[in-house]
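Engineer: What follows is a protein structure lacking sequence information:
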DNA sequence: CGGACTTTGTGAACGTGTGAACGAGGGTCG
DNA sequence: CGACCCTCGTTCACACGTTCACAAAGTCCG
């Protein structure tokens, strides 16, 4: 059990905090050139959370605030970027070039933010060879080669549900340790691989649950 | 403060449980015609969670299991569908027909699952009028009309970040009480509106955080 | 230079979610 | 018909996350 040890702060950063850091980062970027400092109150407002939570979250990164003043925006940005690993690029492979995969491949926003789409893969021979920008879709059989050639760090699965587990296995086998799954199915990965999922059908069903049981509950 | 009161069970269903119900539902559908009954152990395996958690979650819906045997798949499916509000359709409007919005509009999977895409809206005059299947993109100014005409229950926001809050406000104003936000920004809605978000950039950053601090932590 | 004011950082209380353990209920088989 | 076995449903203890409240630490102004 190694230590996580993010920054000068030292202690382990809770999952819930990690999930909020990118939100803070975005808020900071929005007010970056204008304001030199920001208070936990302002950040909380902009990120839609409680101010105490902001302070506690930031304290895990180390103490970069000045009492009576707030946080130095640039300094905080710098450390937050480092904590989130945004000082380097993380090349991404998209596996499954259907509707969604193609949309993600065309979406330019990733590359500019440190997650360049470096490879596209599909199992369908009629799709293999298609161009997207300056990428050509490669065949799924070549996945391992593609991963090592393009130095892939993150695998994005946009295949149908049936293929997802096999793709995940292949990605893990090829050495990918971070996976983002859009396929509507549960996939299993080894302990040391990070897996996040985005499941539209599930989100819809959660929404309709709350709408049906309309009451106080939100979220 | 009204009661949620889902089913015969009666007590309030925790958020964490609600978020897992769709997963169970999917697992059940997979083994539906073949197996008449399923144990909490099997369901847990298939949904990737702990068996005790499955039993506790299902007990919130009421007690549909038979000790010594397991759960009757069809019976459980029936009640779960009812709890999730899947006995009726929930028409969806997609606001913002860019890369992602168009991909979702083309994706057929929603309609067949009770969430028909009933309207498309965009603010760009060059996009308004475009056809997707038998839908024509309407102008954002007509949002309120579109919502009432098509009986919209759920709003999906796929606009750029800058427009998201205004769109959310308009949706709420038009009476939509469930919103799924894909725009990379935090949006605020009244208490009685359900809001879920899907944020690709955030997911990526969470993955790179864990990859950078590689250790035991997964997720 | 001192006192008032602001805002951080954290300790403590609370609530929610998780996982193990176990009793109770029901089926099954001799 | 009785004993055994299986699996649910619930209870309990604990880990995690959130929020409050306040002392500590720094700035600003007279």
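Structural biologist: Received, thanks. What you are looking at is a predicted structure, and each value in this text was computed from that prediction instead of being measured.
Engineer: which residues does residue A:180 contact?
Structural biologist: By Cβ atoms under 8 Å, 6 or more residues apart in numbering or on different chains, residue A:180 lies in contact with A:154-157, A:196-198, B:200, B:203-204, B:207. Heads up, the C-betas are built off the backbone N, CA and C, glycines and all.
Engineer: Please repeat the previous calculation with a cut-off of 6 Å.
Structural biologist: A:156, A:196, B:203 (Cβ atoms under 6 Å, 6 or more residues apart in numbering or on different chains).
Engineer: Out of these, grab the one that's most surrounded.
Structural biologist: With neighbours set by other Cβ atoms under 10 Å in any protein chain shown, the maximum within the contacts of residue A:180 is found at residue A:156, which has 28 neighbours.
Engineer: Am I right that it is in a helix?
Structural biologist: No. Counting by DSSP: H, G, I helix; E, B strand; the rest coil, residue A:156 is located in no helix; its state is strand.
Engineer: Quick check, pLDDT for it.
Structural biologist: Predicted confidence (pLDDT) for residue A:156: 98.
Engineer: and stretch A:67-76, average pLDDT?
Structural biologist: Summarised as a single mean, pLDDT over stretch A:67-76 is 94.
Engineer: Show me the contact partners of it.
Structural biologist: A:28, A:32, A:37-39, A:64-65.
Engineer: near DNA strand D at all, that stretch?
Structural biologist: Yes. On the criterion Cβ under 7 Å from any atom of the strand, stretch A:67-76 is in touch with DNA strand D at A:67-69.
Engineer: wait, which of those is closest to chain B?
Structural biologist: Chain B lies nearest to residue A:69 out of the residues of stretch A:67-76 next to DNA strand D, by Cβ to the nearest Cβ, at 24.3 Å.
Engineer: how far away is the closest one from residue A:40?
Structural biologist: Here the criterion is Cβ to Cβ, to the nearest Å. By it, residue A:69 lies 11 Å from residue A:40.
Engineer: same question, residue A:94
Structural biologist: In this view, residue A:94 and residue A:40 are 38 Å apart by Cβ to Cβ.
Engineer: And the helices in chain A, which stretches?
Structural biologist: Secondary structure of chain A by DSSP state H: the helices cover A:15-30, A:40-47, A:51-60, A:73-83, A:99-106, A:109-112, A:143-149, A:161-173, A:200-212.
Engineer: that older thread, I'd like the contacts of stretch A:67-76 as JSON lines, with neighbour count and distance to residue B:49 appended.
Structural biologist: Converted to JSON lines, the contacts of stretch A:67-76 look like this (neighbours: other Cβ atoms under 10 Å in any protein chain shown; distance: Cβ to Cβ, whole Å):
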{"residue": "A:28", "neighbour count": "21", "distance to residue B:49": "36"}
{"residue": "A:32", "neighbour count": "14", "distance to residue B:49": "41"}
{"residue": "A:37", "neighbour count": "15", "distance to residue B:49": "44"}
{"residue": "A:38", "neighbour count": "22", "distance to residue B:49": "39"}
{"residue": "A:39", "neighbour count": "16", "distance to residue B:49": "40"}
{"residue": "A:64", "neighbour count": "17", "distance to residue B:49": "38"}
{"residue": "A:65", "neighbour count": "20", "distance to residue B:49": "39"}
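Engineer: Most widely separated two among those residues?
Structural biologist: A:32 and A:65 (16.7 Å; Cβ to Cβ).
Engineer: Now do the contacts for the closest residue to residue A:44 other than its chain neighbours.
Structural biologist: Excluding the flanking residues, the one nearest residue A:44 by Cβ to Cβ, 6 or more residues apart in numbering or on different chains is residue A:51, at 4.0 Å. Shown in contact with residue A:51 (Cβ under 6 Å, 6+ apart): A:40-41, A:44.
Engineer: Kindly report the residues of chain A close to DNA strand D.
Structural biologist: So chain A meets DNA strand D at A:14-17, A:49-50, A:52-53, A:55-56, A:66-69 (Cβ under 7 Å from any atom of the strand).
Engineer: Contacting DNA strand C as well, which ones from these?
Structural biologist: A:52, A:55-56, A:66-69.
Engineer: In JSON lines, list those residues along with neighbour count.
Structural biologist: JSON lines is the format used below for these (neighbours: other Cβ atoms under 10 Å in any protein chain shown):
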{"residue": "A:52", "neighbour count": "10"}
{"residue": "A:55", "neighbour count": "17"}
{"residue": "A:56", "neighbour count": "13"}
{"residue": "A:66", "neighbour count": "11"}
{"residue": "A:67", "neighbour count": "6"}
{"residue": "A:68", "neighbour count": "6"}
{"residue": "A:69", "neighbour count": "11"}
